[in-house]
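> Make a model of this:
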Amino acid sequence: DKEFAEAFEQYVIEGGGERIFSPRPGVLGVVPVRGSLKPEAMAAMEPHLDVDAHFKRHERFLVIPCVCKREQEVEHGHSCGNPMKRCGFVGLPPQTPLGENVLGREEASKLLQELSELGHVQLAFYGFTMSAESPQFVGTCNCCGCCCGVLRGITHLGLAEAPQRSNYRAVIDEEKCISCGVCVERCPVDAIFDDESSMKSKVERAKCIGCGVCVIGCASDAIEMEPVSAEEWFHVPNSMAEWEEMRLQYLAKAEERA
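This is a model prediction of the structure:
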C-alpha cells in the first residue's frame, strides 16, 4: 500500500539503498539481452548467461507483475508506460496448468524478446540450484530505468554500483554511428551521450552495465559488446554461501576504509 511504499522509499534514500546495492556481488546480475553478443561470445556462453538453455530445460514459466513498477504507481499515482507483467520467467514443472501468470515456452520466450526490444534490462537471479554442476540462468526481472529499484540506485541515488555488471561493455563505432540518438534514449543508466565535438554518440565506460539494450536498438549496427579484461572479469559464485561470504568481505573492507 501507499504507506509501505513511502516507508520503503525513505529507507532506501536514507542509506538502506547503499547498504543493499553497493556490496559486491550485486543483489542481481546483468545478463546481456539476446542478440547483443557476437557469435564467438555466444559460443563461449557461461551457464548463468544462457537464456536459451533455460528455455530448453522447462516447458512452463512463471511471469509476474513488476513490484518496482507497482511501487511507483502506489506511491506517485502513476508509472511508466512499459508492461507490468515482466518479471520472473522461472521454470515450473511441466504439469503446471497454464494461466495468466504461467506461460508456455513459446509464449514466454516471445514475451522476453519483446521486453528486450522495448529496452528492458535483464537483471537475473543467481542460479544456485542443487542439481546443477555450475550456476545456471534460472530467471530474471526485466527492468526499466524509470521504475527499477536497483537501476535507480545509479540514476537516483548516485551509487557507482547497483546491479552486478555483466562482463561486457558497449563500444560505438564512430564511422557507423549516424547520431540518431536511439542508444542515448535506450540506455537505462545514462551511460551514453552525444559528443558535441565529434557529433557522434559515445559510451561512458565507467557507467556502462553491459546490458546490451543499446546494441539491439541500433539500426546502423554501430554498437558492439566487448568483453572486459581478465582482471575485471566477474566470476559468478558457485553457491549462495560463497555469494554471501563475498558480500560480507566487501562490507568489512568498506568499514575498515571508513
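> What segments of the stretch 51-200 of the chain are strands?
If DSSP state E, counting those that start in this stretch is used as the criterion, the strands of the stretch 51-200 of the chain fall at 60-65, 85-92, 102-104, 121-124, 140-143, 168-172, 192-195, 200-203.
> now the fourth one: mean pLDDT?
In other words, strand 121-124. Rounded to a whole number, the mean pLDDT of strand 121-124 is 96.
> What pairs with that strand, parallel or antiparallel?
For strand 121-124, the paired strands and their directions (DSSP bridges) are strand 29-31 (antiparallel), strand 140-143 (antiparallel).
> And His76, what's its pLDDT?
For His76, the model assigns a pLDDT of 89.
> Find the residue at the geometric middle of this structure.
Closest residue to the average C-alpha location of the chain: Leu123 at 2.9 Å, with C-alpha atoms, centre = their mean.
> what's the longest helix in the chain?
The single longest helix within the chain, with elements called by DSSP state H, is helix 240-257.
> Any chance you could list what contacts that one?
Around helix 240-257, the neighbours that count as contacts under C-beta atoms under 8 Å, 6 or more residues apart in numbering are Ser22, Pro23, Arg24, Pro25, Tyr126, Phe128, Pro237. Backbone N, C-alpha and C define where each C-beta goes, glycine included.
> Just put the strands paired with strand 121-124 in JSON lines and tack on distance to Phe89 and mean pLDDT.
As requested, those are exported to JSON lines (distance: least, C-beta to C-beta, whole Å; pLDDT from 0 to 100):
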{"stretch": "strand 29-31", "distance to Phe89": "11", "mean pLDDT": "96"}
{"stretch": "strand 140-143", "distance to Phe89": "6", "mean pLDDT": "96"}
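> how about these, which one is nearest Phe61?
Among those, the nearest to Phe61 by C-beta to C-beta is strand 140-143 (10.8 Å).
> which residues sit against the closest one?
For strand 140-143, contacts defined as C-beta under 8 Å, 6+ apart pick out 28, 31, 51, 66, 68, 86-89, 112, 115-116, 120-125, 148, 150-151, 188.
> Let's see that with 6 Å instead.
Arg86, Cys87, Phe89, Leu115, His120, Val121, Gln122, Leu123, Ala124, Leu151 (C-beta atoms under 6 Å, 6 or more residues apart in numbering).
> in the stretch 101-250 of the chain, which ranges drop under the pLDDT threshold?
Applying pLDDT under 70 to the stretch 101-250 of the chain flags residues 129-132.
> the helices in it, which residues?
Counting by DSSP state H, counting those that start in this stretch, the stretch 101-250 of the chain has these helices, from start to end: 105-118, 152-155, 182-186, 213-216, 240-257.
> Please identify the deepest-packed of those.
Mean neighbour count, computed with mean count of other C-beta atoms under 10 Å, is highest for helix 213-216 among those, reaching a mean of 24.
> packing partners for that one?
Packing contacts for helix 213-216, counted by 3 or more C-beta pairs under 6 Å, 6 or more residues apart in numbering; DSSP states H and E, involve helix 182-186, strand 223-227.
> What sits closest to Val138 if chain neighbours are left out?
Distances taken as C-beta to C-beta, 6 or more residues apart in numbering place Gly127 nearest to Val138, at 4.0 Å, with adjacent residues excluded.
> residues contacting the one you found?
Contacts for Gly127 were tallied using C-beta under 6 Å, 6+ apart; they are His48, Pro135, Gln136, Phe137, Val138.
> ok, it to Gly99 distance?
Noted for Gly127: a distance of 24 Å to Gly99, by C-beta to C-beta, to the nearest Å.
> Verify the stated contact: Leu37 with Glu226.
No. With contacts defined as C-beta atoms under 6 Å, Leu37 does not count as touching Glu226, sitting 10.0 Å away.
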